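Asker: quick check, what structure comes out for this input:
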Amino acid sequence: ALRLEQILLNLMSNAIKFTNEGEVVVQVETKNATDNQVTLHFSVRDTGVGISSEHKSKLFNAFTQADTSTTRKFGGTGLGLSISQRLTEMMGGRIWVDKEHVHGSLFHFAVTFDINRETNQQDLRPPEDMEQLRVLVVDDNTSSRNSLWSVLNMFGFSTYCVPSGAEALQSINKALFAKKPFHLMLVDWFMPGLNGIETVELIKQNVTTENLPKIVLLGPVDYQENISAKIETMGVDALISKPVNCSILFDTTMEVFGKEVPKAFRPSRVSVDPAEIINLIGGARVLLVEDKAINRQVAIEVLESVGLIVEIAKNGLEAVQKVCESEYDVVLMDIQMPEMDGHTATKRIRADDRFSQLSIIAMTAHAMTGDREKSLASGMNDHISKPIDKKQLFASLVKWIPVKKRAKPSLPAKKPAIDKSLQLPTELAGIDMVSALERVNQNHKLFRSVLNEFHRDFANSAKEIRSLLEGKRQSDRETAKELAHTIKGMAGNLSAKKLYDVVFELETAIRDNQQARWPVLLDSFENSLDQVIDTIEILQKKEEATIAKESKPENRSTPVDMANVIPLMQKLSTYLEESNFQSQEIFDAIRQQLTGFAEVQPEIEQLAIQIDQLDLEEAIKTFNTLNKKLEQYHLLQKNS
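Answerer: Prediction:
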């Protein structure tokens, strides 16, 4: 992979350097394929200064360029082509320049690769009801039109292309006359004559709302920072950065039609080797910016499993302060937070020249159309979605954490086996347990906490959203949308696929004010939510019974060693105040010390349930009662 990347970088760098105007096109096609190997043919074509026939034969000689004048004008020595030839030959391939190509230059190389059968295959097939989708591409660049046509046809769509806004309007009118309207239109932002925005305005003026296709605007990220908020007023449904990524184009298309297939639930056979990730980025310092306690703990579990050093900020304002005070290799930034949101925090950080090179990655449940572009426009390097997909997260971290010498930590110690009586079942109604436990590194205790928090916070959320949508105020609808968004993120952490899918559709319908869809979606949401809540309540009853059984007071033969208990109680007090998830581990140690101490067992049992269910406010009250009893006991011990 590294050799292939180096060859492509060398050829592309040369092409860009020698091309003042026009385009650089990179293509790859399959030449031969067997069960175990595939031969790929790469080409890099430009519209630059070109190469004379007499100089093409010596291009791959070390330290040679076609004409010495190019060194003076463009810099460099031509060593990149010689290196590319050596790398290609090391892989058993060959590289050559097309001697017949006269307008610019055209380089080829072909290499045979082994096929990795473990590679994840993303399903980019649309739902059956979208297979006849009619798409109009509007782009003045021939190569861009051809590329988009190929990708959209691969999705199974009927695709038509035109080079200008005026021709787009003609095509739409012809399609309407033939009663075969377009459902989707991709419009290039920068075109001669009518640009993309002017094209959209022209079409909106001449086409009725019910016949208007969904509109996706294509353009460079640099120009999107000041336009994202104007999407709705422009009549644009989404923004996509050019060059267009195949997967992003598919996902965006699904999203604008409310058909998004969540990445988190696409099948994946990829295994992540912690030792390999540790070798690459172990020891790096990460600032995790996240306001939800349970999301913090899930992320910490994943990040620390590969030897990363994690610090926490609970909102954007705290993140800005921490970045100014400490040195980090990467910042993982949530978007929707109190005090200061992630976009504002990122802009504040980027305003300080000291942090212009700091890697900032959006890690957020905001996966709606245009959200990635908003993240990049605010100054972030990358955008990954929650619930956490470890492969996606690690790939982004490896890409953006700077390479430097660090003390490599050892693999985390293997967690002790969970008590079998508290181990979660392999199947739970409404929840994909394989996916859920994989997300939290098989940490049953942590996942039980996720379940309990979800029950505590969202058991009645269907009634809340229904009531909010019955209100007449716009603020009520906005609150309903935000609540649906939060539930979507939590459902993702639970791997509650059915609930995730329906709340995604509900959030989209609220956002787009599709009131006709609300009643049906609310009923589906309530049914899916009830299934998950019922599942959690069954588990809670079993857990409470187990805790009660194990905590039966016994006559203590030896007194409590308060010298061991006092430091643990002090630490637990701090952790409860900070909503720190290590509270559970410290409590378990205290509970073991107090086994059989009959006078405090009621508080111990109550505290166990409250900590397990993340009811930390009540846990603090119970802790204070327990602490008073222990202080009295300690005083009696000293006096005796």
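Asker: wait, residue 451 sits on residue 534?
Answerer: No - contact criterion Cβ atoms under 8 Å: residue 451 and residue 534 do not qualify, at 11.9 Å. C-betas here are computed from N, CA, C, even on glycine.
Asker: elements contacting the helix or strand hosting residue 523?
Answerer: Residue 523 belongs to helix 518-550 when elements are defined using DSSP states H and E. If you count contacts as 3 or more Cβ pairs under 8 Å, 6 or more residues apart in numbering; DSSP states H and E, helix 518-550 packs onto helix 444-458, helix 461-470, helix 474-494, helix 497-511, helix 601-612.
Asker: tally of neighbours for residue 21?
Answerer: 6 (other Cβ atoms under 10 Å).
Asker: ugh, wrong one, residue 589
Answerer: Neighbours of residue 589 (other Cβ under 10 Å): 14.
Asker: and it, helix, strand or coil?
Answerer: Under DSSP: H, G, I helix; E, B strand; the rest coil, the three-state class of residue 589 is helix.
Asker: and it, what does it touch?
Answerer: residue 568 (Cβ atoms under 8 Å, 6 or more residues apart in numbering).
Asker: coming back round to it: for the helix holding residue 523, buried residues please.
Answerer: 518, 521-522, 524-526, 528-529, 531-533, 535-536, 539-540, 543, 547 (16 or more other Cβ atoms under 10 Å).
Asker: roughly how far is that helix from the heart of the chain?
Answerer: 27 Å (Cα atoms, centre = their mean, to the nearest Å).
Asker: need the overlap of contacts for residue 451 and residue 534.
Answerer: By Cβ under 8 Å, 6+ apart, no residue touches both residue 451 and residue 534.
Asker: just to revisit the earlier point, can you give me the mean pLDDT across the helix holding residue 523?
Answerer: The average pLDDT within helix 518-550 is 83.
Asker: can you show me the CA trace of the helix or strand following that helix as CSV?
Answerer: The element immediately downstream of helix 518-550 (helix or strand, assigned by DSSP H and E) is helix 562-577. Provided in CSV are the C-alpha atoms of helix 562-577 (Å, rounded to 0.1, in the frame of the first residue of the first chain):
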residue,chain,number,x,y,z
MET,A,562,-10.7,1.5,58.1
ALA,A,563,-7.2,2.3,57.0
ASN,A,564,-8.0,0.6,53.7
VAL,A,565,-11.6,1.9,53.5
ILE,A,566,-11.0,5.7,54.2
PRO,A,567,-8.7,6.4,51.1
LEU,A,568,-11.2,4.5,48.9
MET,A,569,-14.1,6.5,50.2
GLN,A,570,-12.3,9.8,49.6
LYS,A,571,-11.5,8.7,46.0
LEU,A,572,-15.1,7.6,45.5
SER,A,573,-16.4,10.9,46.7
THR,A,574,-14.3,12.8,44.1
TYR,A,575,-15.3,10.4,41.3
LEU,A,576,-19.0,10.7,42.0
GLU,A,577,-18.8,14.5,42.0
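Asker: what angle do helix 562-577 and helix 601-612 make?
Answerer: 40 degrees (axes from the mean of the first three to the mean of the last three Cα atoms, to 10 degrees).
Asker: check the offset of helix 562-577 from the chain's centre.
Answerer: With Cα atoms, centre = their mean, you get 37 Å for helix 562-577.
Asker: does anything pack onto that helix? Which helices or strands?
Answerer: helix 583-593, helix 616-639.
Asker: what about residue 427, neighbour count?
Answerer: Around residue 427 there are 9 residues (other Cβ under 10 Å).
Asker: wouldn't it be in contact with residue 434 here?
Answerer: No - counting by Cβ under 8 Å, residue 427 does not reach residue 434; the two are 9.3 Å apart.
Asker: where in the stretch 351-500 of the chain is pLDDT low?
Answerer: 365-371, 408-422 (pLDDT under 70).
Asker: roughly how far apart are the nearest residue to residue 464 once chain neighbours are set aside and residue 169?
Answerer: Sequence neighbours aside, residue 483 is the residue nearest to residue 464 in space, at 6.4 Å (criterion: Cβ to Cβ, 6 or more residues apart in numbering). With distances taken as Cβ to Cβ, to the nearest Å, residue 483 is found 41 Å from residue 169.
Asker: also residue 374?
Answerer: Taking Cβ to Cβ, one finds residue 374 at 29 Å from residue 169.
Asker: now do residue 98
Answerer: 39 Å.
Asker: next: residue 257.
Answerer: For residue 257, the distance to residue 169 - Cβ to Cβ - is 23 Å.
Asker: repeat for residue 496
Answerer: On the measure of Cβ to Cβ, residue 496 and residue 169 end up 45 Å apart.
Asker: between these two, which is the more surrounded one?
Answerer: Applying other Cβ under 10 Å to residue 496 and residue 169 shows that residue 496 carries more neighbours, namely 28 against 19.
Asker: just confirm the more buried one contacts residue 433, I think it does.
Answerer: No - using Cβ under 8 Å as the test, residue 496 is too far from residue 433 to be in contact (10.7 Å).
Asker: any idea which helix or strand comes after the helix or strand hosting residue 170?
Answerer: Using DSSP H and E, residue 170 maps to helix 165-177. The helix or strand immediately downstream of helix 165-177 is strand 184-188, counting by DSSP H and E.
Asker: partners of residue 109 in the sheet?
Answerer: Here residue 109 sits in beta bridges with residue 42, residue 95, as judged by DSSP bridges.
Asker: count of residues packed around it?
Answerer: Count around residue 109 with other Cβ under 10 Å applied: 23.
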